[in-house]
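# Below is the sequence, then the predicted model.
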Amino acid sequence: MPKPPQNHLDPRQPLVVDTTKLPRQPGATRALTRVVPAPADLGLELIAVPPGSDLELDLTLTSVSEGVYVSGHVRGSLTGECGRCLDEISESFEVPIAELYAYADSTTEETTDEDEVGRMQGDLLDLEPAVRDAVVLTLPTNPVCRPDCPGLCPDCGARLADLPADHSHEVVDPRWAALRNLSNTELSEAASPQFKQDRIEE
Ligand SMILES: [Zn+2]
Ligand SMILES: [Zn+2]
């Protein structure tokens, strides 16, 4: 039965790899190192790879009987915002890539889902879904500028890391002001059972 036509990959796309030069006998390898501009929306809401920033691919293509196996690392930079103190986060990342791209009409192609195993389109393969999965899976959903970031003061919103350890606010609620004006002696007498008893005897 004829398969529906697949999306045609564009070999000029930075994350599309042309494997024409990789010998097809299983075990043959070819190194793939290139620096490409990062695609848009690579990341999460609070932390992501800046679009167009350098993504370094350091990969090995290996011919296997069912297709081409791509393994290695992707490196790049991340920018984001600390979820506690809102400071800018800027750091580098390196994630491993390990992805099989099945030849059209191979057993693997016929017995797996396209979401599980990549597909070769002729001699071309698209690294973008694998790069996207690898990068996004390593990102924290709640990024912090450092693991022990104390966050912001709940009263004034200043960064606690910039403030002295005893930073605090004397917040006087008007409802408590009257109570504060009582002396400590009066307060402890009011709370004392002995005091109540004296009153009853009077
Ligand atoms: Zn922080
Ligand atoms: Zn404060």
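It's in. Ligands and ions are numbered 1, 2, ... in the order given.

# near ligand 1, which residues of this protein?
Within the chain, the positions near ligand 1 by C-beta under 5 Å from the ion are 82, 84, 85, 87, 145, 149. Glycine gets a C-beta too; all of them are placed from N, C-alpha and C.

# Tell me how many other residues crowd the fifth one.
Using other C-beta atoms under 10 Å, residue 145 has 21 other residues around it.

# wait, isn't it in contact with residue 90?
No - the pair formed by residue 145 and residue 90 falls short of the contact definition of C-beta atoms under 8 Å, at 9.5 Å.

# Among the residues of the chain next to ligand 1, which one sits closest to ligand 2?
Checking the residues of the chain next to ligand 1 against ligand 2 with C-beta to the ion, the nearest one is residue 85 at 12.7 Å.

# List the contacts of that closest one.
By C-beta atoms under 8 Å, 6 or more residues apart in numbering, the residues touching residue 85 are 145, 149, 150, 151, 152, 159, 160, 161.

# and the longest helix for the protein?
helix 128-138 (DSSP state H).

# Now do the buried residues in that one.
128, 130, 131, 132, 134, 135 (16 or more other C-beta atoms under 10 Å).

# just checking, what packs against that helix?
With contacts taken as 3 or more C-beta pairs under 8 Å, 6 or more residues apart in numbering; DSSP states H and E, helix 128-138 sits against strand 42-43, strand 67-81, strand 88-102.

# Rounded mean pLDDT for that helix, please.
For helix 128-138, mean pLDDT rounds to 94.

# same question, stretch 23-34
Averaging pLDDT along stretch 23-34 gives 96.

# Name the surrounding residues that touch that stretch.
Stretch 23-34 is contacted from outside by 14, 17, 19, 21-22, 56-65, 70, 72, using C-beta under 8 Å, 6+ apart.

# Likewise for stretch 124-138?
Here stretch 124-138 makes contact (C-beta under 8 Å, 6+ apart) with 9, 11, 13, 15-19, 39, 42-44, 49, 55, 57, 59, 68, 70, 74, 76, 93, 95-97, 99, 101, 118-119.

# mind redoing it with 6 Å?
Contacts to stretch 124-138, defined as C-beta atoms under 6 Å, 6 or more residues apart in numbering, come from residues 9, 11, 15, 16, 17, 18, 42, 74, 95, 97, 99, 101.

# Buried only: go through those residues for me.
The buried subset of those - by 16+ other C-beta under 10 Å - is 9, 15, 16, 17, 42, 74, 95, 97, 99, 101.

# Now pLDDT and distance to residue 110 too, for the residues you listed, in CSV please.
Converted to CSV, the buried ones among the contacts of stretch 124-138 look like this (pLDDT from 0 to 100; distance: C-beta to C-beta, whole Å):
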residue, pLDDT, distance to residue 110
9, 90, 20
15, 96, 26
16, 97, 24
17, 96, 23
42, 96, 31
74, 97, 29
95, 96, 30
97, 96, 24
99, 96, 18
101, 96, 15
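
# Tell me which two of those sit farthest apart.
Farthest-apart pair in the buried ones among the contacts of stretch 124-138 is 9 and 95; separation 22.3 Å (C-beta to C-beta).

# No further queries at this time; thank you.
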